[in-house]
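> here is a sequence with its predicted model. Questions after.
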Amino acid sequence: MAKAIRLGLAALLFALPAEAVPQAAPGPELEAALKVLDAWVGAAVASREQPGLSIGVVLGQDLVWSKGYGFADAEKKTPAGPATLYRIASISKLFTSTAILQLRDGGRLQLDDPVAKHLPWFKLARAHEGPTITIRHLLTHTSGLPREADGTHWSELTFPTREEMVRRLAGQETVFPAETEWKYSNLALSLAGEVVAAVSGEPWPEVVEKRILGPLGMSATRTVPAADTPGLAAGYGRRAPGLAREREPFVDIAGVRPAGNMASSVEDLARFVALQLRDAPAAGEPVLRPSTVREMHRIQWLRPDWKSGWGLGFSVRRVGEQVRVGHGGSLPGHRTQIEIAPADKLGVIVLTNANDGDPGRYVDQAFAILTPALKQAAAAKPAPAPDPAWEKYVGTYTWKRSDAEILVLNGRLTMIVPDSDSPWDSRILLEPAGPHAFRMSSPGATYGATGEILTFTLGPDGRVTRMGTPNFYWLRK
C-alpha cells in the first residue's frame, strides 16, 4: 500500500473533458493530507469489514486523487476501483433537478409554475389548504407530498410503473400544506422527472443522457442500469455478528426512477462535481451556467436546526465555518454520498456497496483532513526536501493488530495511527536525532511520547524490522 501511495500524485490525476478549466497540480500540503486520508480509509474499511468502497477528491476542475478499497464483488474477488459502478440512488435527484434548471434557463418553464400546469393529471384525493404545489416545492421537498408513491414497494422491492404511479397518485393525500414543513419526498422528485419529460417531449432517461451525461463526458453512467451492467458492484447487506453478509438483490425502481435509479462511478461523478465548481462557462458545454449552479446551491428552505437546509435539489449544511452542498443515496446494497465545499473548490465522492457503508463518515473525515491542508497551502513555506534515506522507514508497523504508519508528508518523516478518529491532527513528526533515531513532536495535539526518541531497528539485510520508543515497539508488516 505504501508503495502505491508514494507514486507521484501526477500519475493519479484524472483528465476531465477538454473544455474543463485546467488547475494547478496540488502542492505538498495536499499531497501529504491525501496520504493520511488513504491510510485512514484503508484502516476503516478493513476494521469495519466492508465489502468495497471507492473514493475520489475533486479540487477545482481536477480529480486529484481516487482509489478503491476491498471488492466490487466479494465472491469473485473483483477489486473496487475509481471506475467501479455503484447505484448512486438519490444522488440521481441532482440530475433531475439539473434538467429542470436547464429547461428554466431555456425559457420552457418557471420554478414557480404550478405542477398541474405541466402535468394536467396531477390531482390528489385531498390536499391541505395552502399554496398551490409548484415545481420549486418539488425540488426543495416543501410540497407537503407523501414520501413515496402509494404502496409498500421498499419492503417488497416491487416498484410501480409510471402508469401505476400516476393512477395511485389520485388516491393519495398531502401530509402538510405546501411551504409549511420540510419533508423529504421521493414522490416529489419522481414528479419533477415527469415535468422534465412533459416539457421536453422526451423521456426522463433520454433527457439526462443527452443533455447532462453526454456533454459532461459521463459515458459510464447509466440512468437505467441492469443487473448485468458491466462493472456494476454487487450490493451487500449489513454486517451481523457471526454471520456472512447477505447479497442484496438488484432493483429497478421503475416509475420513480428520476428520484433514485442511476448508477455511476467516482471517475464519472468527478465530472459532475467539477461542474459545481466552475467560475466560468465551459466552451461548447451547454449544461448549466455558473450563475444557475450557484442558485441551486443557495438555501431555499432553512430547517429549524439552522445548520442545514435545502437548495434546488441540493442539501446544504454548515460544518464549522464551511458550507457544503451535496446529496446522499441509498438502495439495497449501496450507500453513496457526494459533498462539495464551493468556497474551497473542494468536492468528495464516496461510493460503497453495503447497507452499512456509512459514506458520510468517510466524507466528513476527508474534509477534516483536507480542508486544513488547503488553508495551510495558501500561506505555506516551501516544503523541505526529504532525505532519500527515509524511504527505508516508510511502511506499516503493528502490535496486537494496532497499526502505525510511517510516511513522508510534506517533506517530513511522519508517524500516524490510521484508525485514529483524527489522524491528521494526531500525526507525529520525526526529527533526526542520530543513526536510525528520531525525536518525536506533535504539531496538533499533546502526545505522551513527545520529546522521546523513536528508533528503527534493521535486520542483517539492511531492511527495517521494527520501530520502538524506550517503552514500546511495533513490528514491521
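The structure has been received and is ready for your questions.

> need the residue closest to the centroid of this structure.
In the chain, the residue lying closest to the centroid (CA atoms, centre = their mean) is Ile349, at 2.4 Å.

> quick check: that one touching Ile338?
Yes - using CB atoms under 8 Å, Ile349 is in contact with Ile338, at 4.9 Å. Every C-beta, even on glycine, is put in place using the N, C-alpha and C of the backbone.

> which neighbours do the two have in common?
Residues touching both Ile349 and Ile338 (CB atoms under 8 Å, 6 or more residues apart in numbering): 269, 273.

> contacts only, for the residue nearest to the centre of the chain.
The contact partners of Ile349, taken as CB under 8 Å, 6+ apart, are 54-58, 266, 269-270, 273, 337-338.

> which strand residues bridge it?
Ile349 forms beta bridges with Gly56, Ile338, as assigned by DSSP bridges.

> and it, how far is that from Leu85?
Distance from Ile349 to Leu85, counting by CB to CB, to the nearest Å: 13 Å.

> ok, and the closest non-adjacent residue to Glu246?
Excluding the flanking residues, the one nearest Glu246 by CB to CB, 6 or more residues apart in numbering is Gly237, at 4.1 Å.

> report how many residues lie close to the one you found.
Residues contacting Gly237 under the criterion other CB atoms under 10 Å number 17.

> which ones are touching it?
For Gly237, the contacting residues are 245-248, 333, 354-355, by CB under 8 Å, 6+ apart.

> show me how the chain divides into domains.
As given by automatic domain parsing, the domain ranges for the chain are 13-93+203-379, 388-476.

> most packed of these?
Comparing those by mean neighbour count (mean count of other CB atoms under 10 Å), domain 13-93+203-379 comes out on top with a mean of 20.

> centre of the chain versus that one, how much separation?
Mean-position distance between domain 13-93+203-379 and its chain equals 3 Å (CA atoms, centre = their mean, to the nearest Å).

> how about Ile100, phi and psi?
With angles defined as degrees, to the nearest 10, Ile100 sits at phi -60, psi -50.

> distance check, it against Arg303.
Per CB to CB, Ile100 is found 22 Å from Arg303.

> what about Glu156, neighbour count?
Neighbour tally, Glu156, other CB under 10 Å: 8.

> swap that for Pro382, please
Neighbours around Pro382, by other CB under 10 Å: 8.

> likewise for Glu129?
Neighbours of Glu129 (other CB under 10 Å): 6.

> so what's it closest to, chain neighbours aside?
Closest residue in space to Glu129, ignoring its immediate chain neighbours: Pro177 at 6.3 Å, by CB to CB, 6+ apart.

> now do the SS call for the one you found.
At Pro177 the chain is in coil, as set by DSSP: H, G, I helix; E, B strand; the rest coil.

> residue contacts, it?
Neighbouring residues of Pro177 by CB under 8 Å, 6+ apart: 128-131, 144.

> most widely separated two among those?
Greatest spatial distance in the contacts of Pro177: Glu129 and Gly144, 10.7 Å, computed using CB to CB.

> about what we covered before: of the domains of the chain, which shows the lowest average pLDDT?
Within the domains of the chain, the stretch with the lowest mean pLDDT is domain 388-476, showing a mean of 88.

> how far does that domain stretch from start to finish?
With CA to CA, to the nearest Å as the measure, domain 388-476 spans 19 Å from end to end.

> try stretch 219-226
16 Å.

> kindly report the same for stretch 42-55.
Using CA to CA, the two ends of stretch 42-55 sit 11 Å apart.

> same question, stretch 221-229
Taking CA to CA as the criterion, the two ends of stretch 221-229 lie 10 Å apart.
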